[in-house]
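K.L.:
structural data only, the sequence is not supplied:
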């Protein structure tokens, strides 16, 4: 009895990271030396379809700007291997110097299409990285988050704008769905100490509830009474569509964000 060969796997040697100067050099290997490795840098899935083949990997790749790298191994007589995706975010000097006592949430389209409007069903594939506060080593236990640190969580996400009256605000709410390597295939994540879920919302109040009384305060009172209510958390967020690099001007300077955990969804409000 015969069957297909086991698929080959790829390994990208440099995990998702930020960088400020120069470039990032990345190597890709496969567990099977007979496999052909193909990759993309435009966010699409690698393919070996005749006439539409993705570039074949032949040696280290050098990236000097924002890049999303996706790789896959192909072996004759076997199914295509699983895709691996890593992202490399180039930071301008002001973004590199930026720190906060709150977590930082970085979401990037890598020069992709416009984020779909609120009220629709479409989502734009993006990458999200979360940087939590770390001890800065000053001897006082001071915790600060920085995008120069390795991210604490990295995931592909599908994003669209969210809200009714708030849907057109300059600082948007976003509906964020965590994805596997396949678009629209959900995966659970556990950001900022919250329980596992795949549907999240990053929201700013901008012109609404700036005192945080209507939502977070009331939810906190409800939890103290022993009743169910969503659990808020605050963070700094930056959403960029730059194909080159991210700077601090894209940061939502005082946005407040929290994570709402519902029956099937969780909401992350970011600041």
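P.N.:
That came through fine. Note that this is a predicted model, so its numbers are computed, not measured. Numbering: from 1, shown residues only.
K.L.:
in the stretch 151-271 of the chain, which spans are strands?
P.N.:
Using DSSP state E, counting those that start in this stretch, the strands assigned to the stretch 151-271 of the chain run over residues 153-162, 173-179, 199-202, 236-240.
K.L.:
mean pLDDT, distance to residue 51 and mean neighbour count for the ones you listed - can I get that in JSON lines?
P.N.:
In this view, the C-beta of every residue, glycine as well, is placed from N, C-alpha and C. Output for the strands of the stretch 151-271 of the chain, formatted as JSON lines (pLDDT from 0 to 100; distance: least, CB to CB, whole Å; neighbours: other CB atoms under 10 Å):
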{"stretch": "strand 153-162", "mean pLDDT": "94", "distance to residue 51": "27", "mean neighbour count": "20"}
{"stretch": "strand 173-179", "mean pLDDT": "91", "distance to residue 51": "28", "mean neighbour count": "24"}
{"stretch": "strand 199-202", "mean pLDDT": "85", "distance to residue 51": "38", "mean neighbour count": "24"}
{"stretch": "strand 236-240", "mean pLDDT": "60", "distance to residue 51": "34", "mean neighbour count": "24"}
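K.L.:
and residue 86, what does it touch?
P.N.:
12, 14, 15, 16, 26, 68, 69 (CB atoms under 8 Å, 6 or more residues apart in numbering).
K.L.:
what's near enough to touch the third one?
P.N.:
The neighbours of residue 15, taking CB under 8 Å, 6+ apart as the test, are 86, 150, 154.
K.L.:
can you tell me the SS state at it?
P.N.:
Of the three states, residue 15 takes coil under DSSP: H, G, I helix; E, B strand; the rest coil.
K.L.:
okay, and the beta partners of the residue positioned nearest the centre of the chain?
P.N.:
For the chain, residue 128 is the residue whose C-alpha lies nearest the centre (CA atoms, centre = their mean; 1.0 Å). As for beta bridges, residue 128 partners with residue 107, residue 155 under DSSP bridges.
K.L.:
can you offset everything so residue one is 670?
P.N.:
In the new numbering, first residue 670, that becomes residue 797.
K.L.:
do I have it right that it meets residue 778?
P.N.:
No - the criterion here is CB atoms under 8 Å, and residue 797 misses it with residue 778 at 11.0 Å.
K.L.:
distance from the chain centre to the longest helix belonging to the chain, please.
P.N.:
Scanning the chain for the helix with the most residues, using DSSP state H, yields helix 887-893. On the basis of CA atoms, centre = their mean, to the nearest Å, helix 887-893 sits 30 Å off its chain's mean C-alpha point.
K.L.:
which stretches of the protein have low pLDDT?
P.N.:
Along the chain, segments meeting pLDDT under 70 span 670-673, 874-876, 880-881, 900-940.
K.L.:
which parts of it are helices?
P.N.:
For the chain, helices defined by DSSP H occupy the ranges 762-766, 887-893.
K.L.:
among the ones you listed, which is the most enclosed?
P.N.:
The highest mean neighbour count among these, using mean count of other CB atoms under 10 Å, belongs to helix 762-766: a mean of 16.
K.L.:
sorry, back to before: which helices and strands sit right next to the longest helix of the chain?
P.N.:
Helices and strands touching helix 887-893, as assessed by 3 or more CB pairs under 8 Å, 6 or more residues apart in numbering; DSSP states H and E, are absent.
K.L.:
fine, thanks again, bye for now.
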